[in-house]
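Asker: Based on what follows, work out the 3D shape:
(2 chains)
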Amino acid sequence: MQFLRLFRTTTFRLAVIYLLLFLVAVLPVLGFIYWSTATLLERQVDEILSAEVVGLEEIYRGRQLAGLIEVVTARANRGDGALYMLARSDGSALAGNLKSWPVTRSDPHGRLTFNYRQRGVQGKRPARGEYFLLSGGVQLLVGRDVSQMRQVQRLILNALAAALAATIGLGMFGGVVTSRRMMQRLEAITRTSRNIIAGDLTQRVRLKGAGDEIDQLADNLNAMLDQIERLMMGMREVADNIAHDLKTPLTRLRNRIEGALIAPAGRADHASALERALEETDQILKTFNALLSIARLEAGAIATRAEPLDLKDVAGGVIELYEPFAEERQVRLVLDAASPARMRGHSELLSQALANLVDNAIKFSPAGGTIRVRVARRAEPPAVEISVADDGPGIPAADRERVLSRFVRLEASRNTPGSGLGLSLVSAVVHLHEGRLELEAAHREAPHGLLARLVFPAEI
Amino acid sequence: MGLRRHWGTGEESAVMRILVVEDDEEAAAYLVKGLKECGHVVDHAGDGARGLEMALSGSYDCLIVDRMLPLRDGLSLVSALREEKDTTPVLFLSALGDVDDRVRGLRAGGDDYLPKPYSFSELLARIDALMRRRNPDQVKTKLVVGDLVMDLLARKVRRGEIDIDLQPREFRLLEYLMKHAGQVVTRTMLLENVWEYHFDPQTNVIDVHISRLRSKIDKTFPTQLLHTVRGAGYTIRAVS
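Answerer: Residues are numbered from 1 along each chain as shown, chains lettered A, B, ... in the order given. The predicted structure is shown next:
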């Protein structure tokens, strides 16, 4: 089963293809080795034969047949594997160490390959020779026993075949091993994913540490899982916060209604209880709407298009709206705007975000305090920013990071009036505009006051 | 809160014929009852197709249409109505309360948009405003409430013999109130029409603007013109 699956894997197929390519490269090399060793021996034999034929021809020319017979007989008896046959035209032997004229085949170069029988030796032996016709019909065959050479050739061939087999075998083995290892690592990832799908989000794919593609894949998967886990945690936190933000006023509302029901009928404060219940309901709806719009903003579910706008106009409008309220609270509201600070955005949402910041700033400023709203441009990279700084208590440095994450509220602000989701909404609006929200102390010395700065990409 | 218009005004609006297109029985019953108690003549349609039929056949002064309806949704109902050149004012009611939904509703031919849940006083105020918009008294150059006179051309306000100096926004605020003299104007309506903001500020900043305006037009005078209507909003009217 496992093995069958192996054949289906991409990595195995790749291994086979690589093996074939490897063979295509290796086969010519082996062929060349064979040619340069085995055929070299053959050529050497042929050269010796040619030289001998030339020599014997000279002897015949000088010393006639008798001299040739003498030399051939002498050489034939040396027993060094040299073969001779001198015969008359009718085939009867004159000298030499071959029993009979062999049946020969000649190759294109005039070489003869034949098998011969030697006196006193059983069986035929392979030989190679050259045939020569002398004047007077006398024929001369000069040969060499090539049984040893053939053996060497066979050895070489065997060795090469073995090398080829080993190449194929090792290639196959290597391919299988590599693909199996690959498969096991992928299998591990699949297994982990299955566990995660089953609900265990804490699982992570183990890295081999090689930094290869599979590690990179695993790394990305892990990063994705981290992100999902963070989002899940966020969701849980959101759910908890929603529960808290809505349950508390709902409980109050319920108590109020119940209290009014229990009280003796016709009491004058029924009307006021109802009125308070109505107020409470409105507050709950406000919170609910705020939660909804934050969720929608976070999801980027905005159909209206971003339009070119000037942050100075946004700031001007909001300040104009809040100025009387600030005056009532004896807080100075100062606008410091360098026009133009152009960007693309949703004017309504940006106004709402700024209104939330100004609203908060006024509520947290002591009487006689000053709130500075600053609109500015940045050159590099082109950005526009709007900041609201107050003289209030500010947010402790340790908590700043936390309040920026979605829906997080500090315990202290949870019980102040208003939906308290103001900063979450600001954060959502900023994210929607691909900007960033920075919080710092408005006053460096004896750090206090909150400076909230929204930075957006400028319109070029 | 009583549904009767106990803030009834000097120039009482005429009885209106209103069609409510709403599929939720209870919500519809609440609306019909409330509107009837205010002296209006009210019909009800439970789905979009019936609603369109009734709107086309009857002559209504105003339609209150839910966005999500069986058979034909509210947007398509109003689009169809407008294609028939019917210009009856339409107020959309919808659980979808986003700026986007609002824009979509107005684009389809609605005249106003009220997200659910709404307060009845807000609904009444908006219907009154719609009717006023439908029957504009000839283009006025002067608004008068009691001894308060606004000259729209000269951009000047006088009460009795005294010139009143207003900031531009205060002028627009007073202008809107005076154009709707005798009607209740809610905070949301003011925010939408005078400031053109469609979000709810966390604080009732409008109240402060009103009290500023009041200190200019009412404070030094024996009679009050600008009144707060509890649980609803404001109204400007001459003592009757």
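Asker: Phi first, then psi, for the most far-flung residue of chain B relative to its centre.
Answerer: Relative to the mean C-alpha coordinate of chain B, counting by CA atoms, centre = their mean, the farthest residue is B:E161 (31.7 Å). Phi and psi for B:E161, reported as degrees, to the nearest 10, are phi -100, psi 0.
Asker: so A:N220 is in which element?
Answerer: Per DSSP states H and E: A:N220 is located in helix A:213-262.
Asker: okay, now residue 77: neighbour count?
Answerer: No chain specified, so I'll use chain A. 10 (other CB atoms under 10 Å in any protein chain shown). In short, each C-beta sits where N, CA and C put it, glycine included.
Asker: That was the other one, I meant chain B.
Answerer: By other CB under 10 Å, neighbour count at B:L77 equals 29.
Asker: Quick one: residues contacting it.
Answerer: B:V21, B:G48, B:G51, B:L52, B:A55, B:V65, B:L69 (CB atoms under 8 Å, 6 or more residues apart in numbering or on different chains).
Asker: now the second one, nearest residue through space, not along the chain?
Answerer: In this structure, B:G48 finds its nearest non-sequential neighbour in B:R72, 2.9 Å apart by CB to CB, 6 or more residues apart in numbering or on different chains.
Asker: After the host helix or strand of A:P324, which helix or strand is next?
Answerer: Using DSSP H and E, A:P324 sits in helix A:311-328. Sequence-wise, the next helix or strand downstream of helix A:311-328 (DSSP H and E) is strand A:332-337.
Asker: Show me which positions of that next one end up buried.
Answerer: A:L333, A:L335, A:A337 (16 or more other CB atoms under 10 Å in any protein chain shown).
Asker: Helix or strand next in line after the worst-scoring helix or strand of chain B on mean pLDDT, which one?
Answerer: Ranked by mean pLDDT, DSSP states H and E, the weakest helix or strand in chain B is helix B:99-107, scoring a mean of 77. If you walk from helix B:99-107 toward the C-terminus, the next helix or strand you reach (DSSP H and E) is strand B:112-115.
Asker: Name whatever forms a beta bridge with A:G345.
Answerer: A:E307 (DSSP bridges).
Asker: For the chain, give me the ranges with low pLDDT.
Answerer: Looking at chain A here, since you left the chain open. A:1-7, A:9, A:104-110, A:118-121, A:265-268, A:300-304, A:402-420, A:460 (pLDDT under 70).
Asker: meant chain B actually
Answerer: B:1-14, B:97-99, B:133-139, B:240.
Asker: okay, now the domains of chain B?
Answerer: With automatic domain parsing as the criterion, the domains of chain B are listed as B:17-134, B:142-236.
Asker: and the ones you listed as TSV, adding distance to A:A452?
Answerer: Listed next are the domains of chain B as TSV, based on distance: least, CB to CB, whole Å:
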stretch	distance to A:A452
domain B:17-134	23
domain B:142-236	15
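Asker: can you point me to the longest helix in chain B?
Answerer: helix B:120-134 (DSSP state H).
Asker: tell me which residues in that one are buried?
Answerer: B:120-132.
Asker: Name the nearest of these relative to B:V239.
Answerer: Nearest to B:V239 among the buried residues of helix B:120-134: B:D128, at 20.1 Å, using CB to CB.
Asker: so how far is B:F120 from that closest one?
Answerer: 13 Å (CB to CB, to the nearest Å).
Asker: what kind of secondary structure is the residue nearest to A:D310 when sequence neighbours are not counted in?
Answerer: Using CB to CB, 6+ apart and skipping the chain neighbours, the partner closest in space to A:D310 is A:P340 (4.9 Å). Of the three states, A:P340 takes coil according to DSSP: H, G, I helix; E, B strand; the rest coil.
Asker: how much space between A:P340 and A:P457?
Answerer: Counting by CB to CB, the gap from A:P340 to A:P457 is 15 Å.
Asker: can you tell if the longest helix of chain B touches chain A?
Answerer: No: contact of helix B:120-134 with chain A (CB under 8 Å from any CB of the partner chain) is absent, the minimum separation being 10.5 Å.
Asker: Tell me the first helix or strand C-terminal of that helix.
Answerer: Following helix B:120-134 in sequence, per DSSP H and E, is strand B:142-145.
Asker: Give the other helices and strands that that following strand contacts.
Answerer: strand B:148-151, helix B:168-179 (3 or more CB pairs under 8 Å, 6 or more residues apart in numbering or on different chains; DSSP states H and E).
Asker: Could I get the ones you listed in a markdown table, plus columns for distance to A:P102?
Answerer: Compiled in a markdown table, the helices and strands packed on strand B:142-145 are given as follows (distance: least, CB to CB, whole Å):
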| stretch | distance to A:P102 |
| --- | --- |
| strand B:148-151 | 139 |
| helix B:168-179 | 128 |
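Asker: Those: which one's closest to chain A?
Answerer: Of all the helices and strands packed on strand B:142-145, it is helix B:168-179 that lies closest to chain A, at 6.1 Å by CB to the nearest CB.
Asker: Specify the local secondary structure of the residue lying farthest from the centre of chain A.
Answerer: Distance from the C-alpha centroid of chain A, by CA atoms, centre = their mean, peaks at A:A66 (87.9 Å). Recorded secondary structure, A:A66: helix (three-state DSSP).
Asker: Chain neighbours aside, what residue packs nearest to A:P381?
Answerer: A:P457 (7.5 Å).
Asker: For the one you found, give its distance to chain B.
Answerer: 22 Å (CB to the nearest CB, to the nearest Å).
Asker: Can you list the residue ranges for helices in the chain?
Answerer: In the absence of a named chain, chain A is used. A:2-8, A:10-76, A:147-197, A:213-262, A:269-298, A:311-328, A:347-364, A:397-404, A:411-414, A:422-432.
Asker: looking at chain B here, not the other one
Answerer: Using DSSP H, helices in chain B cover B:25-37, B:48-57, B:74-83, B:99-107, B:120-134, B:168-179, B:187-193, B:205-217.
Asker: Show residues contacting stretch A:218-227.
Answerer: By CB under 8 Å, 6+ apart, stretch A:218-227 touches A:I189, A:T192, A:S193, A:I196, A:L201, A:Q203, A:R204, A:V205, A:R206, A:L207.
Asker: ok, 10 Å please
Answerer: A:185-186, A:188-189, A:192-193, A:196, A:201-208, A:211-212 (CB atoms under 10 Å, 6 or more residues apart in numbering or on different chains).
Asker: Give the buried residues for that stretch.
Answerer: A:A218, A:L221, A:N222, A:L225.
Asker: So which residue is dead centre in chain A?
Answerer: Centre-nearest of chain A using CA atoms, centre = their mean is A:E213, 4.1 Å out.
Asker: List the residues that contact that residue.
Answerer: Per CB under 10 Å, 6+ apart, neighbours of A:E213: A:M182.
Asker: Tell me how far it lies from A:N220.
Answerer: Computed as CB to CB, the A:E213 to A:N220 distance reads 10 Å.
Asker: again, but for A:G67
Answerer: 93 Å.
Asker: rewinding a little: tabulate the buried residues of helix B:120-134 in TSV, adding columns for distance to A:R43.
Answerer: Shown next, in TSV, are the buried residues of helix B:120-134 (distance: CB to CB, whole Å):
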residue	distance to A:R43
B:F120	116
B:S121	117
B:E122	112
B:L123	113
B:L124	118
B:A125	116
B:R126	112
B:I127	115
B:D128	119
B:A129	114
B:L130	113
B:M131	118
B:R132	118
